[in-house]
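the sequence and its predicted three-dimensional model are supplied below.
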Amino acid sequence: MLIPITRQKFEQVIPLLATGSQYTYYWGKFPDFLKRLLISVVASVVVLLFGLFLGEGFDGLRLLLSIIVGLYWLWGPVYWASMRNRQMRSYKYSGFWRGRVLDVFVTEDLIGTEETVNNRGELVIVENRERRLNLEVGDETGFKTLLQAPLRRIYKGIAPGQVAEMMVMSHQADLGSITKTTDIYIPSFNLWVSDYPYLKRDDFIQVSYQLSKADDRETRAEGVVDTKRRRRY
């Protein structure tokens, strides 16, 4: 099932500014924090030197820039999450999609490399690998898509045949070509599968509920018409 939604609904479920879960995603782990902190320190030094070069007349500007760059370690995740949301909201057309889980499997993927020195002083490249869940979903039209997410224990109950829901984006008004998809919701477990949490989840569940009620009403109405037709003939 694919139902186009209004721009208002789309902007309701895809936030403009970072949500709490999106901020947590970009906050990252301790090395990510240290990287942002180092950028803040270096940028603060650059601003200080720049201010000394300009002289006392620019003390106000120097103070403002110092505060901004000095707190990059704190506001950086908000900026990067908001930019990612903005990219998603650049699609003109969107729809609510409901299908089924087609396949679930686990892979071990390369997520990065690090250079280090061993005991003999030799440069060694260390591969960082992560076990990831691969979730393939599709519908009766033949549409299929694959989502990868870090493996978590709560995903253990996912199995082929379960209902799956998500938002889809397109540059075409009829959604004939799906360009982008979001995180996937499994209603039977109230479970979300995602790498990056694009959606405002409470709002998406509300949209899902409203569309399901509308679809049920249409189904019942069609059933009444069919019954009348059978009686007529």
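Thanks, I have it.

Val78 touches Leu16, doesn't it?
No - in this structure, Val78 is not within contact of Leu16 by Cβ atoms under 8 Å, at 11.5 Å. All C-beta spots, glycine's among them, are computed from the backbone N, C-alpha and C.

higher neighbour count, those two?
Just comparing Val78 and Leu16: by other Cβ atoms under 10 Å the higher neighbour count belongs to Val78, 15 against 9.

contacts only, for that one.
By Cβ atoms under 8 Å, 6 or more residues apart in numbering, the residues touching Val78 are Leu17, Ala18, Tyr23, Tyr26.

just send those back as TSV, with distance to Leu49, neighbour count and pLDDT too.
Listed next are these as TSV, based on distance: Cβ to Cβ, whole Å; neighbours: other Cβ atoms under 10 Å; pLDDT from 0 to 100:
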residue	distance to Leu49	neighbour count	pLDDT
Leu17	33	12	92
Ala18	32	21	93
Tyr23	31	17	96
Tyr26	29	19	95
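
now, which of these sits nearest Asp109?
When the contacts of Val78 are compared for distance to Asp109 (Cβ to Cβ), Tyr26 wins out at 20.3 Å.

check which helix or strand the closest residue to that closest one other than its chain neighbours maps to.
Once flanking residues are discounted, Tyr26 sits nearest to Pro77: 3.6 Å by Cβ to Cβ, 6 or more residues apart in numbering. Under the criterion of DSSP states H and E, Pro77 resides in helix 72-89.
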